[in-house]
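A.B. asks: quick one, structure for this:
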Amino acid sequence: MTLGSSGQFVKNPVGMTSGKGFIALAALIFGRWSPRGAVGAALLFGFTSELQQLLSFLGTPVKVPSDILLMLPYLVTIFAVAGLVGRVQAPAADGEPYVKG
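C.D. replies: Predicted structure coming up:
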């Protein structure tokens, strides 16, 4: 995560993940707790993150405030989980420790 964000390793970086854990959890929920669905959701959310960076670099035809562009991945995440998923049940063993028997 450090090398991808800043291009260099920094010990104890502050604010490095910038809410990406929230997006990872949303990818699991949006993917309906399946590996293939989670990968698809992660690709969607990663695409919006890269789109935000590309639009801020290239500029947009209509003047959009940079704060709105920074919110783009999070807005897509909230919209996808709150608006498109519906009712999703977590796995039955969610939160229970694994005991090898």
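A.B. asks: any idea how many residues pack against residue 89?
C.D. replies: 8 (other CB atoms under 10 Å). To be clear about C-beta, it is placed using only N, CA and C from the backbone, and glycine gets the same treatment.
A.B. asks: tell me the SS of it?
C.D. replies: coil (DSSP: H, G, I helix; E, B strand; the rest coil).
A.B. asks: for it, what are its contacts?
C.D. replies: By CB atoms under 8 Å, 6 or more residues apart in numbering, no residues touch residue 89.
A.B. asks: how far away is residue 96 from residue 37?
C.D. replies: From residue 96 across to residue 37, the span is 22 Å (CB to CB, to the nearest Å).
A.B. asks: who's more crowded, these two?
C.D. replies: Between residue 96 and residue 37, residue 37 has the larger neighbour count (other CB under 10 Å), namely 15 against 8.
A.B. asks: list the buried residues in stretch 37-53.
C.D. replies: Buried residues in stretch 37-53, counted by 16 or more other CB atoms under 10 Å: 38, 41-42, 44-45, 48-49, 52.
A.B. asks: ugh, typo on my part, it should be stretch 76-83
C.D. replies: Within stretch 76-83, judged by 16+ other CB under 10 Å, the buried ones are 76-77, 80-81.
A.B. asks: averaged pLDDT, that stretch. What do you get?
C.D. replies: Mean pLDDT, stretch 76-83: 85.
A.B. asks: how far out from the middle of the chain is it?
C.D. replies: Taking CA atoms, centre = their mean, to the nearest Å, one finds stretch 76-83 lying 11 Å from the centre of the chain it belongs to.
A.B. asks: brilliant, that's me finished.
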